[in-house]
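*Asks:* What shape does this take:
(one chain, ligands or ions: 1)
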Amino acid sequence: MILGQNQYGKAENRVVRIVRDGATHHIKDLNVSVSLSGDMDEVHLSGSNANVLTTDATKNTVFAFAKEHGIASAEQFGIHLARHFVTSRQSITTARIRVEEYAWERIETPGPKRHSFVRTNQETRTAQITYAGGPDGWQIISGLKDLVVMNSTDSEFRGYVKDRYTTLPETADRILATEVHARWRHSGTDGAEPEPGHWDHSYAQVREHLLHAFAETYSLSLQQTLYQMGARVIDKCPGIDEIRLSLPNKHHFLADLEPFGLKNDNEVYFAADRPYGLIEATILRDGAEAGIPADLTNL
Ligand SMILES: O=c1[nH]c(=O)c2[nH]c(=O)[nH]c2[nH]1
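*Replies:* This is a model prediction of the structure:
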């Protein structure tokens, strides 16, 4: 038998970095997972730990880098870490850094103190940085998850296959709601430090395009809406070659009010949490090769 693909590292390092600018403080709150691979046959086969950088040290590196380099963005922090692991040890050939970022909003109060925050309840920003060495060894995938959106009209669903198990009534006016889970891959990344604010600006742009495309599309299906959302990003963001969207259809069924002698004129819905339709697709720039895995749940 042979040893197949393997990787190791410390998962879910919860690192919070405070920047104190006088009375005004800033917070970065990340969940960072490090995964290293390379010449690790012997630790599995003979038990020699000679090539093993401990997962404990990878954890320590995350916290030390938060101090030494600061956290400009999830992407930039991941780039620093990935470069460090691959360039500092010959036995490590690939580093994959996954980051979730939790957003805090300032609680604005009268007076000079600016150190209170409330966790925003919207999406979680994500990033995955993989570095396999050399100038071309970078892959940077940004993303978001749990961004819940709803259109209360301008959505229909008709003309689908009717087999003997089909009971769903056609509708020309329904609620369309989903929880956006998106990943997008940046092209031409060489790990160089872009201008300050680059990654935040890029993130804000993609988020805006996704939301606007969702709002502006008259939907004939969630599949069609998904394509419009992804296509908008590829069209408007030249530095992004690929985007994958995973959209659960958060079904809203008309509540049956007839037993109570009430007419339901598209006003009262039952928001079902499961089961849900799950609509997923990748949209690619012409000529680009797919690099984002199909199953986003582990990303
Ligand atoms: O937008 C939709 N796409 C489907 O494929 C589907 N299937 C279903 O039952 N409802 C919906 N809605």
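*Asks:* Pull the contacting residues for the nearest residue to residue 200 once chain neighbours are set aside.
*Replies:* Spatial nearest neighbour of residue 200, excluding adjacent residues (CB to CB, 6 or more residues apart in numbering): residue 73 at 5.6 Å. C-betas here are computed from N, CA, C, even on glycine. For residue 73, the contacting residues are 127, 198, 199, 200, 203, by CB atoms under 8 Å, 6 or more residues apart in numbering.
*Asks:* so residue 158 sits right up against residue 170, yeah?
*Replies:* Yes: if you go by CB atoms under 8 Å, residue 158 and residue 170 touch, sitting 4.1 Å apart.
*Asks:* Just the buried ones out of the contacts of residue 73, please.
*Replies:* Buried subset of these (neighbour count, 16 or more other CB atoms under 10 Å): 127, 199, 203.
*Asks:* in this structure, which spans are strands?
*Replies:* Counting by DSSP state E, one finds strands in the chain at the ranges 13-21, 24-38, 92-102, 104-106, 117-119, 124-131, 138-151, 176-186, 240-249, 252-254, 269-271, 277-284.
*Asks:* can you put these in a markdown table and add distance to residue 162 and mean pLDDT?
*Replies:* As requested, the strands of the chain are exported to a markdown table (distance: least, CB to CB, whole Å; pLDDT from 0 to 100):
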| stretch | distance to residue 162 | mean pLDDT |
| --- | --- | --- |
| strand 13-21 | 50 | 97 |
| strand 24-38 | 45 | 98 |
| strand 92-102 | 42 | 98 |
| strand 104-106 | 48 | 96 |
| strand 117-119 | 46 | 96 |
| strand 124-131 | 39 | 97 |
| strand 138-151 | 25 | 97 |
| strand 176-186 | 21 | 98 |
| strand 240-249 | 19 | 98 |
| strand 252-254 | 19 | 96 |
| strand 269-271 | 23 | 96 |
| strand 277-284 | 17 | 98 |
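*Asks:* May I see these organised as JSON lines, with distance to residue 225 added?
*Replies:* What follows is these, written out as JSON lines (distance: least, CB to CB, whole Å):
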{"stretch": "strand 13-21", "distance to residue 225": "35"}
{"stretch": "strand 24-38", "distance to residue 225": "30"}
{"stretch": "strand 92-102", "distance to residue 225": "25"}
{"stretch": "strand 104-106", "distance to residue 225": "28"}
{"stretch": "strand 117-119", "distance to residue 225": "29"}
{"stretch": "strand 124-131", "distance to residue 225": "22"}
{"stretch": "strand 138-151", "distance to residue 225": "9"}
{"stretch": "strand 176-186", "distance to residue 225": "7"}
{"stretch": "strand 240-249", "distance to residue 225": "8"}
{"stretch": "strand 252-254", "distance to residue 225": "15"}
{"stretch": "strand 269-271", "distance to residue 225": "18"}
{"stretch": "strand 277-284", "distance to residue 225": "9"}
